[in-house]
Each structure stands twice: as C-alpha cells, then as structure tokens.
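pasting the structure only:
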C-alpha cells in the first residue's frame, strides 16, 4: 500500500468512461511520439482521426503530454489494462490502429519497430498475423529493423563521415611515410657509428681476457702449493652461499608473480557468459556460490510454470521459458564456480 | 540492435575518455570497429542513445509484464535488453488498492459526520478562547 498521490494518468483512467479506450489512447500516443518528421498538430489530428469511435469522453491533450513525458509507470498501467480487457477482435483492431498511427507508407522509425512488436506480444498477435496486417495497411512487407549498433548501418546512412575519415587516413599515411623515410636515414647513420664503436670494444675485451688468463695461471700455480683442506672448506662455503642466493631469488620471483596475478584480478572482468548468467539471476559479478543458490531458489519459486496454471496457456508457456532460462544460468554457474 | 555499452562493460552515460579506454581494451576486433564508428562519433552516438533508451524502457516493461520470451522479442535485442524477470507489483492492482483505500477513508469520514464534527470542535475551541481572554482581562483589571 503506497501513500503516493494519484498520477495524472491514474486520475484520467478513473475519470474515463471507458478505461480500455483511455489506455489504448496512451499506447497509440506513445507510438505517435516516436514517429519522426511530423508536427505536434499533425500528431493530435491523427490520433483524433484514428480514435473517433472511442468512448473515453475526455480531452486528448493530457494523454499526449503523458505520452511525451514517456512515463514508464503510466505506460505499464495502460498495457496491463489493455491486456486485461481486450478480446481477440479488439486486440486486432488495436494493432490495426497502432500500425495506422505509426506509418502511412510503410516507412517506420526504428523505435516504432520495437514498440509495435511489443504491442503485438502484449496483445498476443502472432508474427505472421502482424506481417499480414502490416502488408494490407501499408502495401509494404514488415522488414526486420535496421541495426544502428553496426558499422554497416552508418556506412549506408552517413557516407560523408566515412569519406572524411578515408581522406584523413590517406593524409596521415603520407605524413607517416615521409617521417619514416627521414627516420631510416638517421638510423643508418647511427648504425655506422655503432659498428665502429663495437669493433673498438671487442679489441679491448680481447686484451682484457688475455691479462686475466695470465693472472689465473699464476694464481693456480700458487694455490696448488697451498693446503687442499682449506680449498675444500672454501668451496663448501661458496656453495652454501650460492644456494641461499638462489632461494632468495626464487622467493622474490614468486612474490612478483603473485602481485601480477592480483593486478590482473583487480582489473574489470570481460563481459562474458558468467556475467550474463549472473544477471539472469539478478546478481552482480562477484557473487558467492551461496548467493547464487539462494537467488536461484527465489527465482525458481517466483517463475515456476505451475504457479501460472490457473492463468492462460500462453502465460504458462512464457513462464516455462523464463524458468528454463533461469535454470540454464544456474546450471552453468554451478559448473564454473 | 546490440547493447554496446553492456558489451564493453560501460555505463550508458560514460564520457569520451572512458569509452576510448574501453575501446583500447576490447579484445574483439569486429566489436571494436562497430563501437568505434557508433560511440566515438557524437551524432551517431546521439541517435544510438535515443534508441538505446527506448529499448531499455521496452525491456523493463517486458520484464514487468512477463513478456521477456515473446515471439517478437528475439535475437540480439532480446539477448542484450532483457532484464532479469521482475517481481514488481502489477500497477493495475496497485491502483485498485489505492482507490479502495481512498473510498474507505471517505466512508469513515461520512460515517463520523465529519463536517458537523468539524463545526462542533471549532465552536468549542472558540468558546474556550473567549472565556480565557475574558478571565485574563478581568485579572488585569483587578490588578
């Protein structure tokens, strides 16, 4: 029981002589708002024309202003009323009106593609029926909506942008080529210098090696004469020291490895199947196994098809599809966790 | 239509800097190309955002009305814009509840003869006020 005030649409619905008509009016207004290239006056006239048979008995102005504000609660309420009260014939006529309002010649905005399909699902109109109705009313088949999340859509709709981009890229490539040639010249000069330096270094190293060799030979001769026990002890000490150093190094490496792994873990995980499966259960990434199990229990109780047994067959089918989806997500999570 | 924000693990109101770093991180080259030509170009992004908003609304409505598996809700759109099934209360039931609550309040008011009660309370209050004022002026006069 909420104590909020009645919203404008609720008041309208309570005052209306026919609730279904008012609700249908709002849904049609919602479609009209998403129609492009028409003025507000044309919208109102169109709505009045299509709904001349309605018995709601109030002004169209408030309905259109609610539709413009895209109030989700109002639209949900309207959808519930329409679904509850519409017979099969009435649903078809509402669908008919929605298509009329959405388009004159089959040219339909992207948002309305999805809104019309939502209304068709709401009113239980099959895809084939919707296609036929659309074809009859507009003379055009109902196509699949285009996809503005793809590169191909923008290549077709905004060729100017691609032409500009190609020109810029060509210029950049030319500039890059010029600078590359310059760099190569510089590098060649540098390489020559380096070679000379290296040769000098090599000579120096050879000389040094010779000196060391001599020194070693002299030392070896001296050591042979010294006692062998001392040498053995020294070797053992050396070995111990090396062993210790190796262990130290291994420990350091391990610590580095661990810190690197921790860094990898702290970076955001990719949006993969696990995230999606968690979202189906209404969880955020990072949920524990117990959370998953508890969420699954709750969801399964809420959406079990047996709960909808008393409703229509359609509702049961929808619920079992939802339940299957929840169960798949749960099974997947149980395998991976 | 896919939800590029979701696929790039971004929020829909991400700024250009966040989008660019997400694009640099994205391992899928096809998705990166699509997202670059949609989200990195201001007018394209505006168009995309409008439709994205409408589709999120429709996804929410479908979740609340139990229509997330309709025959017309398939493919990329259904994958990306279906919310988890919602257990929000039906708005129509809520409206009926509120109307019946309002009606019961009104009936109680009428049963208690509200207007008469209000007049009686007002009269009594005024009488007490007058009496107090009289007493006070008397006291002042004596003193």
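That came through fine. No experiment lies behind these values; they were computed from the predicted model shown.

who are the packing partners of the worst-scoring helix or strand of chain B on mean pLDDT?
Among the helices and strands of chain B, helix B:75-81 carries the lowest confidence by mean pLDDT, DSSP states H and E, at a mean of 87. Applying 3 or more CB pairs under 8 Å, 6 or more residues apart in numbering or on different chains; DSSP states H and E, one finds that helix B:75-81 contacts helix B:42-65. (Each C-beta comes from the backbone N, C-alpha and C, glycine too.)

name the residues that touch the helix it packs on?
Helix B:42-65 is contacted from outside by A:34, A:70, A:72, A:75-76, A:79-80, A:83, A:110-111, A:114-115, A:118, A:121-122, A:148-149, A:154, A:158, A:161, B:1, B:3-5, B:12, B:37-39, B:67-68, B:70, B:73, B:77, B:81-86, B:88, using CB atoms under 8 Å, 6 or more residues apart in numbering or on different chains.

filter those down to the ones in helices?
A:72, A:75-76, A:79-80, A:83, A:110-111, A:114-115, A:118, A:121-122, A:154, A:161, B:4-5, B:37-39, B:77, B:81 (DSSP state H).

show me what the least confident helix or strand of chain B is in contact with.
Contact with helix B:75-81 is made by A:114, A:147, A:149, B:1-3, B:6-7, B:55-56, B:58-59, B:68, as judged by CB under 8 Å, 6+ apart.

could you rerun that using 7 Å?
With contact meaning CB atoms under 7 Å, 6 or more residues apart in numbering or on different chains, helix B:75-81 is reached by B:1-3, B:6, B:55-56, B:59.

now that helix, how far from the chain's geometric center?
Centroid separation between helix B:75-81 and its chain, computed with CA atoms, centre = their mean, to the nearest Å, is 24 Å.

ditto for stretch B:109-117
Worked out by CA atoms, centre = their mean, stretch B:109-117 lies 36 Å from the chain centre.

now do the same end-to-end measure for it.
End-to-end distance for stretch B:109-117, by CA to CA, to the nearest Å: 10 Å.

next, count neighbours for the closest residue to residue B:20 other than its chain neighbours.
With sequence-adjacent residues excluded and distances taken as CB to CB, 6 or more residues apart in numbering or on different chains, residue B:20 is closest to residue B:40, at 7.2 Å. By other CB atoms under 10 Å in any protein chain shown, 13 other residues sit near residue B:40.

same thing with residue A:290?
Residues near residue A:290, counting by other CB under 10 Å, number 8.

quick check: phi and psi on residue A:332?
Note on residue A:332: backbone dihedrals following degrees, to the nearest 10 are phi -60, psi -40.

check whether stretch A:63-73 contacts chain B.
Yes: applying CB under 7 Å from any CB of the partner chain, one finds stretch A:63-73 in contact with chain B at A:70, A:72-73.

want to try CSV for those, with distance to residue B:117 and pLDDT as columns?
Formatted as CSV, these follow (distance: CB to CB, whole Å; pLDDT from 0 to 100):
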residue, distance to residue B:117, pLDDT
A:70, 45, 89
A:72, 42, 90
A:73, 37, 91
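
save those as TSV, and put in neighbour count and distance to residue A:90 too.
Shown next, in TSV, are the residues of stretch A:63-73 next to chain B (neighbours: other CB atoms under 10 Å in any protein chain shown; distance: CB to CB, whole Å):
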residue	neighbour count	distance to residue A:90
A:70	14	25
A:72	15	24
A:73	14	24
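
residue A:281 - nearest residue in space that isn't next to it in sequence?
Among residues not flanking residue A:281 along the chain, residue A:295 sits closest, at 4.3 Å (CB to CB, 6+ apart).

what's the neighbour count on the one you found?
21.

kindly report the domain assignment for chain A.
Segmentation of chain A into domains, based on automatic domain parsing, reads A:8-145, A:153-223, A:231-266, A:273-336.

of those domains, which is nearest residue B:92?
domain A:8-145 (4.2 Å; CB to CB).

quick one: end-to-end distance for that closest one.
Domain A:8-145 has its terminal residues 33 Å apart, counting by CA to CA.

pLDDT weak spots in chain B?
Where chain B drops to pLDDT under 70, the residues are B:85-87, B:143.

and for the stretch 201-337 of chain A?
Residue ranges of the stretch 201-337 of chain A with pLDDT under 70: A:220, A:222-232, A:234, A:253-271.

from the ones in helices among the contacts of helix B:42-65, list just the buried residues.
A:75-76, A:79-80, A:83, A:110-111, A:114-115, A:118, A:121-122, A:154, B:4-5, B:37-39, B:77, B:81 (16 or more other CB atoms under 10 Å in any protein chain shown).

need the contact list for residue A:112.
A:31, A:34-35, A:102.

among those, which are in reach of chain B?
Counting by CB under 7 Å from any CB, residue A:34 from the contacts of residue A:112 sit close to chain B.

which of the contacts of residue A:112 sit farthest apart?
Farthest-apart pair in those is A:34 and A:102; separation 8.0 Å (CB to CB).

and the top helix by length along chain B, what's buried?
For chain B, the longest helix by residue count, based on DSSP H, is helix B:114-142. For helix B:114-142, the neighbour count (16+ other CB under 10 Å) marks no residue as buried.

now it, how far from the centre of its chain.
With CA atoms, centre = their mean, you get 48 Å for helix B:114-142.

got it, and stretch A:103-113?
Distance of stretch A:103-113 from its chain centroid, counting by CA atoms, centre = their mean, is 26 Å.

and stretch B:78-88, by the same measure?
Relative to the centre of its chain, stretch B:78-88 is centred 17 Å away, using CA atoms, centre = their mean.

residue contacts, residue A:95?
A:119-120, A:123, A:125, A:130, A:133.

same thing but 10 Å
Residues near residue A:95 by CB atoms under 10 Å, 6 or more residues apart in numbering or on different chains: A:86, A:116, A:119-120, A:122-123, A:125, A:129-130, A:133-134, A:137.

please pick the buried ones from those residues.
Judged by 16+ other CB under 10 Å, buried ones among the contacts of residue A:95: A:86, A:116, A:119-120, A:122-123, A:125, A:130, A:133-134, A:137.

ok, so of those, who is nearest residue A:50?
Distances from residue A:50 to these, taken by CB to CB, are shortest for residue A:137, at 11.8 Å.

okay, and that closest one sits in which element?
helix A:127-138 (DSSP states H and E).

relative to residue A:240, how far out is the residue lying closest to residue B:99 once chain neighbours are set aside?
Spatial nearest neighbour of residue B:99, chain neighbours left out: residue A:14 (6.8 Å); criterion: CB to CB, 6+ apart. According to CB to CB, to the nearest Å, residue A:14 and residue A:240 sit 93 Å apart.

please apply the same query to residue A:59.
On the measure of CB to CB, residue A:59 and residue A:240 end up 98 Å apart.

mind listing what's buried in the helix or strand containing residue A:324?
Using DSSP H and E, residue A:324 sits within helix A:313-336. The neighbour-count check on helix A:313-336 (16+ other CB under 10 Å) flags A:316, A:318-320, A:322-323, A:325-326, A:329-330, A:332-333 as buried.

for these, which one is nearest residue A:22?
For these, the closest approach to residue A:22 (CB to CB) belongs to residue A:318, at 26.4 Å.

find the nearest non-adjacent residue to the residue of the stretch 201-337 of chain A found nearest chain B, please.
With CB to the nearest CB, the shortest gap between the stretch 201-337 of chain A and chain B falls at residue A:321, namely 3.7 Å. In space, and not counting its chain neighbours, residue A:321 is closest to residue B:69: 3.7 Å by CB to CB, 6+ apart.
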